[in-house]
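In: dropping a prediction and its sequence here:
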Amino acid sequence: MECRVRDIPLSYESHGSGLPILLLHGYSADHRLMKGCMEPLFAHRPGWQRIYLDLPGMGQTPGNEHIKSTDDMLDVVIDFLDTVIGGEPFLLAGESYGGYLSRGVLQRKFDQVAGMALICPVIVGDRSQRDLPPRTVIVEDPSLLASLSERDAEEFGSGAVVQDAYTWQRSRDEVLSGVRIADEAFLERISQQYSYSFDVDALPHPFTKPVVMLVGRQDHVTGYRDAWRILENYPRATFAVLDRAGHNLQIEQPQLFNALIDEWLDRVQESLKQPAHPKVSLQAKRA
């Protein structure tokens, strides 16, 4: 499907009907990253519309010379939301850079968001300022890496914490497939203004809808400690640090991922049946 926003033909897929969920992938990947980990969860869950967007310069959406920063990228996502979802409530789910954008959407659409899932989210835009664990490999399979092409072995082996046939197949199909068709020149330009020009975590008050934050204990790309520092913004957040998981947590710990996302959706359904919670001031919360 295609939605034209700011003269950009945004490519996206929509599956199912019901409460919309906007799913945002990471930097240089495409919608297959989110579709691969999320779509199986809805085989037994009717009543949800899943919207998988290819961000500009990624997947089937071309880059655009007028997009020069993450601020600009967020503006495009907001316009896409206004066009495709309108003013109805919706959920957010974002991985890595998609989690960074999701928090920008939350700040702009605060009262419209019914829940949010952050998967290995970018918390600190400036990579040099991130609090990261060392690069670690938990499961190694030298024979697997030896069977791959030099390019495949390098791209998979340099990031995977669990290096086995299962994680390779999913990484190839859901992550590398998108990375290899990204507009590298466009993304390099965005990377020069990767951080927001504003404090994306400065909310008007704590977000009291159900949230889940999933981070990998061995994630050397975005880490896990920075995410803990924004937890007080989300009084109804489940925060899970998963061992044996790096930046592709959803692939390396699929059973825990499925259980925690499934439970988050349960909490969202429950919260939609309850009266609105009173607003709590961040200042009072932290006094």
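Out: Received, thanks.

In: so what strands line up beside the one helix or strand Ile21 maps to?
Out: Element membership for Ile21, per DSSP states H and E: strand 19-24. Strands that pair with strand 19-24, judged by DSSP bridges, come out as strand 48-53 (parallel), strand 90-95 (parallel).

In: name the residues that touch that strand?
Out: Residues outside strand 19-24 that contact it (C-beta atoms under 8 Å, 6 or more residues apart in numbering): 31, 34-35, 38, 47-53, 55, 77, 81, 84-85, 88-95, 97-99, 101-102, 105, 114, 268, 272. Where C-beta positions appear, they are placed from N, C-alpha and C, glycine not excepted.

In: now do 6 Å
Out: 34, 48-52, 85, 90-94, 98, 101-102 (C-beta atoms under 6 Å, 6 or more residues apart in numbering).

In: buried residues in that strand?
Out: Of all the residues in strand 19-24, those buried under the rule 16 or more other C-beta atoms under 10 Å are Leu19, Pro20, Ile21, Leu22, Leu23, Leu24.

In: stretch 251-268 too?
Out: Ile251, Glu252, Gln253, Leu256, Phe257, Leu260, Ile261, Trp264, Leu265, Arg267, Val268.

In: same check on stretch 202-214?
Out: Buried residues in stretch 202-214, defined by neighbour count with 16+ other C-beta under 10 Å: Leu203, Pro206, Phe207, Lys209, Pro210, Val211, Val212, Met213, Leu214.

In: check the contacts of strand 19-24 and tell me the two furthest apart.
Out: Pairwise distances across the contacts of strand 19-24 (C-beta to C-beta) peak at 20.2 Å, for the pair Trp48 and Leu101.

In: these two: which is more packed in?
Out: Leu101 (29 against 19; other C-beta atoms under 10 Å).

In: excluding covalently adjacent residues, which one is nearest to that one?
Out: Leu24 (5.3 Å; C-beta to C-beta, 6 or more residues apart in numbering).

In: what's across from the one you found in the sheet?
Out: Beta-bridge partners of Leu24, as defined by DSSP bridges: Leu53, Gly94.

In: so where do the strands sit in the chain?
Out: 2-5, 8-15, 19-24, 48-53, 90-95, 113-119, 211-216, 237-242 (DSSP state E).

In: list the buried ones in the second one?
Out: Applying a neighbour-count criterion of 16+ other C-beta under 10 Å, one finds Ile8, Leu10, Ser11, Tyr12, Glu13 buried in strand 8-15.

In: CA atoms only: put it into PDB for me.
Out: In PDB, the C-alpha atoms belonging to strand 8-15 read as follows (Å, rounded to 0.1, in the frame of the first residue of the first chain):
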ATOM      1  CA  ILE A   8       6.800  11.200  -0.400                       C
ATOM      2  CA  PRO A   9       5.200   7.900  -1.400                       C
ATOM      3  CA  LEU A  10       5.300   6.000   1.900                       C
ATOM      4  CA  SER A  11       5.100   2.300   1.500                       C
ATOM      5  CA  TYR A  12       3.300   0.300   4.200                       C
ATOM      6  CA  GLU A  13       1.300  -2.800   4.900                       C
ATOM      7  CA  SER A  14      -1.900  -3.000   6.900                       C
ATOM      8  CA  HIS A  15      -3.200  -6.300   8.300                       C
END
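
In: could you pull out the helices for this structure?
Out: Under the criterion DSSP state H, the chain contains helices at 31-38, 70-84, 97-108, 142-147, 150-157, 165-170, 177-179, 184-191, 225-228, 249-252, 254-272, 282-286.

In: figure out which of these is closest to Ala240.
Out: helix 254-272 (5.8 Å).

In: where in the stretch 151-287 of the chain is pLDDT low?
Out: The stretch 151-287 of the chain contains residues with pLDDT under 70 at 275-287.

In: pull up the gap between the closest residue to Gln112 other than its chain neighbours and Lys68, please.
Out: Residue nearest to Gln112 in three dimensions, not counting chain neighbours: Pro89, with 5.9 Å by C-beta to C-beta, 6+ apart. Here Pro89 is placed at a distance of 31 Å from Lys68 (C-beta to C-beta, to the nearest Å).

In: go on, Val105?
Out: From Val105 over to Lys68 (counting by C-beta to C-beta), the distance is 19 Å.

In: so which of the two has more stuff around it?
Out: Using other C-beta under 10 Å, the more surrounded residue of Val105 and Lys68 is Val105, with 23 against 14.
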